[in-house]
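Undergrad: pasting a predicted model and its sequence here:
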Amino acid sequence: MNETGRITAINGNQITVLIKCLDNESCFGCLKTECKKRDKSIIVENRIDLPLQNGQLVEIETKNSSVIIQTLFALGIPLLGFIAGFLLTALFFPASGEGARAASGALLMFLAAIGFYLIRKHHPAKCSCFISKNMLN
């Protein structure tokens, strides 16, 4: 995944970049919901030792493996919540039917998803991003 941003601070190999959501197809996944709220500032690495200065426009690349791992967590936590709700209802209420088990599974799935969202909102995942190109602006 690639994004474009402007350098706001340089501290050795650690570069702080301000990300603005541009009008492109890659933003369609989230429908620009996060970008509309506020600009996002992230810390990235200058792995290829580009000569950079404050105010320059750069392209930031995120490793595909990092995106896949974050996706697995985002989808896996609610799925585990559903499974736990379904099985715990069967364990504690053995006379309950499939409908009640599915309903408690769905409830725990939503609670797990909301909990995961709140945790990630206050403690975001570390970005394994790096600057891939200097756009010379």
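TA: Nice, I can see it.
Undergrad: report the central residue of this protein.
TA: The centre of the chain sits closest to residue 70, judged by C-alpha atoms, centre = their mean, with a distance of 6.3 Å.
Undergrad: pLDDT score assigned to that one?
TA: With respect to pLDDT, residue 70 scores 84.
Undergrad: equivalent analysis for residue 1, please.
TA: Residue 1 carries a pLDDT score of 68 in this model.
Undergrad: how far off centre is the lengthiest helix in the chain?
TA: The residue-count maximum for a helix in the chain (DSSP state H) belongs to helix 64-92. On the basis of C-alpha atoms, centre = their mean, to the nearest Å, helix 64-92 sits 16 Å off its chain's mean C-alpha point.
Undergrad: so which bits of the next helix or strand after that helix are buried?
TA: Counting by DSSP states H and E, the next helix or strand C-terminal to helix 64-92 is helix 98-122. Judged by neighbour count (16 or more other C-beta atoms under 10 Å), helix 98-122 contains these buried residues: 101, 104, 105, 108, 109, 112, 113, 116. For every residue, glycine as well, the C-beta is placed using N, CA and C.
Undergrad: for the first one, give me its contacts.
TA: By C-beta atoms under 8 Å, 6 or more residues apart in numbering, the residues touching residue 101 are 85, 86, 89, 90.
Undergrad: distance of it from residue 71?
TA: For residue 101, the distance to residue 71 equals 27 Å [C-beta to C-beta, to the nearest Å].
Undergrad: what does residue 59 give?
TA: Noted for residue 59: a distance of 22 Å to residue 71, by C-beta to C-beta.
Undergrad: perfect, that will be all.
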